[in-house]
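Visitor: coords please:
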Amino acid sequence: MPDEKPKTHERIIDAAEEAPRGVALLRASLVLLLWALLAGVVVGAGCLATLKAVDLLQEVVWEGIAEALPQPLGAVAPVLLCTLGGVLVGVATSHTGFSLDTLGVVVGHCRTEGGYQVKSWPWALVLFALPIAFGGAVGPEAGVSGFTAALGTMAMHGMRRSGVAVARNTTHPLAAAWKALSPAASDEGRRYARGPRILLWAVAAVGFVFGALGISRLFGPGAGFPRFDDIDYLGLNASALWALLALPLGWALARLAAYAGKAAQLACGRMETVPKAILCGVVLGLVALALPEVLFSGQSGTRDLLDGWQAMGAGVLLATCVAKLALTQLCEETGWIGGEFFPLTFCGVAAGYAVAIITGGDPMLAVALSTGALVGASTGKWLLSTCVLALCFPPVSLPVVALAAVVGAKTNGHSRN
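Guide: As a prediction, the model looks like this:
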């Protein structure tokens, strides 16, 4: 799976003394397409299998260990388990000497260096699993993005080496491609031309989907987000339009999250790795005693909100939203590294439902506005935010989500897509 390096590189097809044509070219092309498909399957299956394993570990911790604790320890299980998680996160981070890169850092590496590498696979997997397993208010995007980029980079270099070998041995292209997968082989600094590059990436993407679907079929689908109902534009009346207050609320919550991040940095910036990770665990557990939904990424919590938001009440929804935003920032600052998209989405949904309860406004309109504004303002990327939120909002609601994300990003001083 080739990348987009400068066009001054020599083409892979020119590695042969005589460029393959006709049947030889077709045979070589089919082998490389097959290789791209298999590479995509491996990457897709590997990433989803990792997520499944971490989800299983989370179940062991919170449905196994927590429920097995005798009273009165069971009543304070969140404090005990989150504190234990803090100890493990701190010790692992201190031992390895590195933390996981966030999604933005991974993307930056890929753009500037043409690929990405994981410093230590075993320890990176440990650092990815611990915050999620022990209730951190973070999503899996940081680890998954790094693992996907690293596996894709490995596959990309393997495809280049295979391409050079196949171009030189069109008689036995499959054997040549197999031998060239060894890191000892060389791609001689060659790159695929634009057309073949796009085709190979497309086939690899199809393989990625097949690999992920295969794991889902074997072990069940992931938690994911629920799908919200459509906004009933024709049914909106004067009272329903009170939901528009969710737009400035989403923006205000994004500002609050930013201030919480600065406060966490000031409070923990000079602390040693282990103490600050433990502090985060203690705070997580104590807050969770009163507001249990502050734990975890928010995927299953968002699903619960869909049916139980009215029973929770506006006060609990807003308190949970504010606390979770602050705790996500604390996690990021203290080594509980993860993603922010899932927690932000949960908080946006909770805020929208709170507005609907307080004002009587249309709940679906309020949720779309608050979530779009909060995620857009926090990330500064309205287009990316809209695409991610399309996982839970139907197409008819996406224009409202996109508008809120644009307003959030622009008014927070961001303008990039």
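Visitor: ranges for the helices of the stretch 101-250 of the chain?
Guide: Here the stretch 101-250 of the chain has its helices, by DSSP state H, counting those that start in this stretch, at 103-113, 121-133, 141-168, 173-180, 194-219, 246-268.
Visitor: format those as JSON lines; extra columns: distance to residue 370.
Guide: For the C-beta atoms, the positions are set from N, CA and C on the backbone; glycine is no exception. Output for those, formatted as JSON lines (distance: least, C-beta to C-beta, whole Å):
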{"stretch": "helix 103-113", "distance to residue 370": "22"}
{"stretch": "helix 121-133", "distance to residue 370": "25"}
{"stretch": "helix 141-168", "distance to residue 370": "21"}
{"stretch": "helix 173-180", "distance to residue 370": "51"}
{"stretch": "helix 194-219", "distance to residue 370": "30"}
{"stretch": "helix 246-268", "distance to residue 370": "4"}
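Visitor: and residue 17, its phi and psi?
Guide: When read as degrees, to the nearest 10, the backbone of residue 17 gives phi -60, psi -40.
Visitor: neighbours of it, how many?
Guide: 7 (other C-beta atoms under 10 Å).
Visitor: and if you look at residue 244?
Guide: Neighbours of residue 244 (other C-beta under 10 Å): 15.
Visitor: swap in residue 56?
Guide: Quick note: residue 56 (other C-beta under 10 Å) scores 12 neighbours.
Visitor: what strand or helix carries it?
Guide: Taking DSSP states H and E as the definition, residue 56 sits inside helix 22-59.
Visitor: after that helix comes which helix or strand?
Guide: Per DSSP H and E, the helix or strand that comes after helix 22-59 is helix 66-68.
Visitor: in that following helix, what counts as buried?
Guide: The neighbour-count check on helix 66-68 (16 or more other C-beta atoms under 10 Å) flags residue 66 as buried.
Visitor: on contacts alone, who are the packing partners of that helix?
Guide: Here helix 66-68 touches helix 77-96, going by 3 or more C-beta pairs under 8 Å, 6 or more residues apart in numbering; DSSP states H and E.
Visitor: hang on, the earlier thing: so for the helix holding residue 56, mean pLDDT?
Guide: The average pLDDT within helix 22-59 is 90.
Visitor: buried ones in that helix?
Guide: Within helix 22-59, the residues scored as buried using 16+ other C-beta under 10 Å are 24, 27-29, 31-33, 35-52, 54-55, 57-58.
Visitor: surely residue 37 meets residue 208?
Guide: No. Taking contacts as C-beta atoms under 8 Å, residue 37 lies outside contact range of residue 208: 9.5 Å.
Visitor: skipping adjacent residues, who's closest to the residue most central in space within the chain in space?
Guide: The centre of the chain sits closest to residue 141, judged by C-alpha atoms, centre = their mean, with a distance of 2.0 Å. Distance criterion C-beta to C-beta, 6 or more residues apart in numbering; nearest residue to residue 141, sequence neighbours excluded, is residue 339 at 2.7 Å.
Visitor: tell me how many other residues crowd that neighbour.
Guide: So residue 339, with other C-beta under 10 Å, has 22 neighbours.
Visitor: what pLDDT is listed against the residue nearest to the centre of the chain?
Guide: For residue 141, the pLDDT comes out at 84.
Visitor: report pLDDT for residue 6.
Guide: Reported pLDDT for residue 6: 46.
Visitor: before we move on, the earlier item: ok, which of the helices of the stretch 101-250 of the chain comes nearest residue 350?
Guide: Nearest to residue 350, of all the helices of the stretch 101-250 of the chain, is helix 246-268, at 9.7 Å by C-beta to C-beta.
Visitor: could you give the mean pLDDT of that closest one?
Guide: 94.
Visitor: same thing with stretch 119-128?
Guide: pLDDT averaged over stretch 119-128 gives 93.
Visitor: list the buried residues of it.
Guide: Judged by neighbour count (16+ other C-beta under 10 Å), stretch 119-128 contains these buried residues: 123-128.
Visitor: and if you look at stretch 178-185?
Guide: 180-181, 185.
Visitor: neighbours of residue 189, how many?
Guide: 10.
Visitor: so what's it up against?
Guide: For residue 189, the contact set (C-beta atoms under 8 Å, 6 or more residues apart in numbering) comprises 9-10.
Visitor: please report how far it lies from residue 153.
Guide: As judged by C-beta to C-beta, to the nearest Å, residue 189 and residue 153 stand 16 Å apart.
Visitor: also residue 247?
Guide: To residue 153, residue 247 is 40 Å away according to C-beta to C-beta.
Visitor: cool, residue 217 as well?
Guide: Counting by C-beta to C-beta, the gap from residue 217 to residue 153 is 27 Å.
Visitor: more neighbours, these two?
Guide: Neighbours per residue (other C-beta under 10 Å) separate residue 217 from residue 153, with residue 153 holding more: 20 against 9.
Visitor: if you tally nearby residues, what's the number for the closest residue in space to that one that isn't next to it in sequence?
Guide: Excluding its sequence neighbours, the residue lying closest to residue 153 (C-beta to C-beta, 6+ apart) is residue 115, at 3.6 Å. Look at residue 115: counted by other C-beta under 10 Å, it has 16 neighbours.
Visitor: need the phi and psi values for residue 115.
Guide: phi 170, psi -170.
Visitor: in contact with residue 149, which residues?
Guide: 106, 109-110, 115-116.
Visitor: go again using 10 Å as the cut-off
Guide: In this structure, residue 149 makes contact with 43, 101, 103, 106-107, 109-110, 115-118, judged by C-beta atoms under 10 Å, 6 or more residues apart in numbering.
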